[in-house]
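A.B. asks: after the sequence you'll find the predicted model.
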2 protein chains.
Amino acid sequence: MDTRTAEHICDDIEIRIVNGDLVEGKPLPAERSLMEAYGASRTVIREVITALTAKGFLRSRPRFRPIVCRPDASTAMHAAGGVIKHLLASSQNVHDLYQVRVLCERMLVRDAAVGAKREDIQRLRQALDDNEQAIDDSAQFYATDVAFHRQLYVISGNSAFPAIHQAFVEWLAPQWSQMPRSPERNRTNFLAHQAIFEAILSRDPDLAEKALISHLDSSWQFVSSTFFAEETP
Amino acid sequence: MDTRTAEHICDDIEIRIVNGDLVEGKPLPAERSLMEAYGASRTVIREVITALTAKGFLRSRPRFRPIVCRPDASTAMHAAGGVIKHLLASSQNVHDLYQVRVLCERMLVRDAAVGAKREDIQRLRQALDDNEQAIDDSAQFYATDVAFHRQLYVISGNSAFPAIHQAFVEWLAPQWSQMPRSPERNRTNFLAHQAIFEAILSRDPDLAEKALISHLDSSWQFVSSTFFAEETP
DNA sequence: TTCGATGTTTGGTATGACCATAATTGTTAG
DNA sequence: CTAACAATTATGGTCATACCAAACATCGAA
């Protein structure tokens, strides 16, 4: 009765996705099946599909059946990303976002210094070693760099943090990809990672935080020097 | 050429929104105008509109022209919220999200203790006073409670944090609204706020963090006691 | 001037059709 | 019998048209 059948169907399918009725990874029923099932026209079914796709509950390639995505923290971040990427046209917003990341990681390293388990330390050491091995391969170094920081998020034991880390990486990637790289710079970053690791190992939160701030501030200097074009009227 | 004219139009309108060509708060041109402007059928235009709506670039009521929304950090959070609300059906995820909030605020109060300006302190004191005045009015107390915490985010000087705070409040509201309230409980919370304020005032980050953790952990105990139904097969 | 009846605009929905490509089936050659 | 190929079907992308009801604009009557 309420003049929007599309929303009802949209909500229903949303529910059927989260409760597992529609299985993740499997394709959605054909549009023509759905219109029969819901007694609606194809117009409204297609509207539902586009809405769910934009919301992140479906992933649809041009000529294929939409694939069901049970939403997790990662897809939530991805949904926000559609807007975020526009915000990051302003370097001020890039800086703000980066500072959010810095704040998170500061607390994470403090907590790691206080409460990291043996296995956590072990994995972090492994990530550090991988990072060192990649000093001469900038592409590989970037990957291991990300992995090292990611480990800080994993240690928290909170499943939301790895997703948050992933979001930071994706959103800030455009800026970082422009960053000049070199084995010397890589070595500097590796040493910074090592300092963070050592501080965690010695169970010194203040030192760990200080090392992390130093590292990330230095990175920011490097990155921010690559964009000087800004025009906010 | 590429079998998806909708995406092109979608991207174009997105750009026209962010660069101000389409003014925020004003209604989008009529569907029939857009189909003429883009030389596309109404089907495509409507698909574009629903997609942009789900993305947060438009806000559309049933029988009204869609309103243009220049996306900011707040709408980004709102876009993610569509997914988040489903995740929070699991109390584990609620806990994880809450812990993310706790981590943020721990760092924020530490920073406030170290670097809060006089005006920051003044506004925080005002928020604390408002909170105290509202002890006997649970609805008003909730509002001032939120406002007090929000001030911690504002002090950071980072425009992203107030939006993040807003997101925490919205996402966790369903749980919080079920929380039993009383003047006694309000007073307890006020005293916790006061302790945090005092710690910031005395420039003691460790004490401030400790006071905040105590406060938020206590709140969690209270809230979590209100949901004991969970079934994750 | 104000208020209300009336006609126009516009969004919501439904049909039906056509095209291009993916998926399926059937056929044939090796 | 199998594998490569051709024909058929299923399905998503787009279009044109039509109708309804609610919002909007217009204008005339009180």
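C.D. replies: Arrived safely.

A.B. asks: the helices in chain A, which residues?
C.D. replies: A:5-18, A:31-38, A:42-55, A:73-87, A:91-115, A:118-133, A:138-155, A:160-177, A:183-201, A:205-224 (DSSP state H).

A.B. asks: quick one: which of those helices is nearest B:L34?
C.D. replies: Checking the helices of chain A against B:L34 by Cβ to Cβ gives helix A:42-55 as the closest, at 15.7 Å. In this view, the C-beta of every residue, glycine as well, is placed from N, C-alpha and C.

A.B. asks: right, is stretch A:114-130 up against chain B?
C.D. replies: No: Stretch A:114-130 lies out of reach of chain B by Cβ under 8 Å from any Cβ of the partner chain, never closer than 11.6 Å.

A.B. asks: what's in contact with that stretch?
C.D. replies: A:112, A:144, A:147-148, A:150-152, A:154-155, A:190, A:193-194, A:197, A:200-201, A:203, A:205 (Cβ atoms under 8 Å, 6 or more residues apart in numbering or on different chains).

A.B. asks: just the buried members of these?
C.D. replies: A:112, A:144, A:147-148, A:150-152, A:154-155, A:190, A:193, A:197, A:200, A:205 (16 or more other Cβ atoms under 10 Å in any protein chain shown).

A.B. asks: so where's chain A shaky on pLDDT?
C.D. replies: A:1-3, A:227-233 (pLDDT under 70).

A.B. asks: close to DNA strand C: what parts of it are there?
C.D. replies: Taking Cβ under 7 Å from any atom of the strand as the measure of proximity, chain A contacts DNA strand C at A:3-6, A:39-44, A:47, A:63-64.

A.B. asks: before we move on, the earlier item: farthest pair in the buried ones among the contacts of stretch A:114-130?
C.D. replies: A:T144 and A:P205 (24.6 Å).

A.B. asks: residues contacting A:T50?
C.D. replies: A:T50 makes contact with B:A6, B:E47, B:T50, B:A51, B:A54, according to Cβ under 8 Å, 6+ apart.

A.B. asks: got CSV for those, with distance to B:S74 too?
C.D. replies: Below are the contacts of A:T50 laid out as CSV (distance: Cβ to Cβ, whole Å):
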residue, distance to B:S74
B:A6, 27
B:E47, 26
B:T50, 21
B:A51, 20
B:A54, 16
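
A.B. asks: when you check DNA strand D, which of those turn up near it?
C.D. replies: When these are checked against DNA strand D using Cβ under 7 Å from any atom of the strand, the ones in range are B:A6, B:E47.

A.B. asks: pick the one among the contacts of A:T50 closest to A:V169.
C.D. replies: Checking these against A:V169 by Cβ to Cβ gives B:A54 as the nearest, at 24.3 Å.

A.B. asks: that closest one: neighbouring residues, count only.
C.D. replies: B:A54 has 22 neighbours, counted by other Cβ atoms under 10 Å in any protein chain shown.

A.B. asks: wait, doesn't it sit right on A:I49?
C.D. replies: No: when contacts are counted by Cβ atoms under 8 Å, B:A54 is not listed as touching A:I49 (11.1 Å).

A.B. asks: for A:L52, which non-adjacent residue is closest in space?
C.D. replies: A:L58 (4.7 Å; Cβ to Cβ, 6 or more residues apart in numbering or on different chains).

A.B. asks: what sits against the one you found?
C.D. replies: When contacts are counted by Cβ under 8 Å, 6+ apart, A:L58 is found next to A:L28, A:I49, A:L52, A:P66, A:I67, A:V68, A:C69.

A.B. asks: with neighbour count and distance to DNA strand D as added columns, please give the residues you listed in JSON lines.
C.D. replies: As requested, the contacts of A:L58 are arranged in JSON lines below (neighbours: other Cβ atoms under 10 Å in any protein chain shown; distance: Cβ to the nearest atom of the strand, whole Å):
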{"residue": "A:L28", "neighbour count": "22", "distance to DNA strand D": "6"}
{"residue": "A:I49", "neighbour count": "23", "distance to DNA strand D": "7"}
{"residue": "A:L52", "neighbour count": "25", "distance to DNA strand D": "12"}
{"residue": "A:P66", "neighbour count": "18", "distance to DNA strand D": "7"}
{"residue": "A:I67", "neighbour count": "15", "distance to DNA strand D": "11"}
{"residue": "A:V68", "neighbour count": "21", "distance to DNA strand D": "12"}
{"residue": "A:C69", "neighbour count": "22", "distance to DNA strand D": "15"}
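
A.B. asks: tell me which two of these sit farthest apart.
C.D. replies: Greatest spacing in these, by Cβ to Cβ: A:I49 and A:C69 (12.7 Å).

A.B. asks: contact partners for the closest residue to chain B within chain A?
C.D. replies: Nearest residue of chain A to chain B: A:A54, at 3.4 Å (Cβ to the nearest Cβ). By Cβ under 8 Å, 6+ apart, the residues touching A:A54 are A:A79, A:G82, B:T50, B:A51, B:L52, B:T53, B:A54, B:K55.

A.B. asks: how about 10 Å then?
C.D. replies: For A:A54, the contacting residues are A:79, A:82, B:10, B:50-57, B:79, B:82, by Cβ atoms under 10 Å, 6 or more residues apart in numbering or on different chains.
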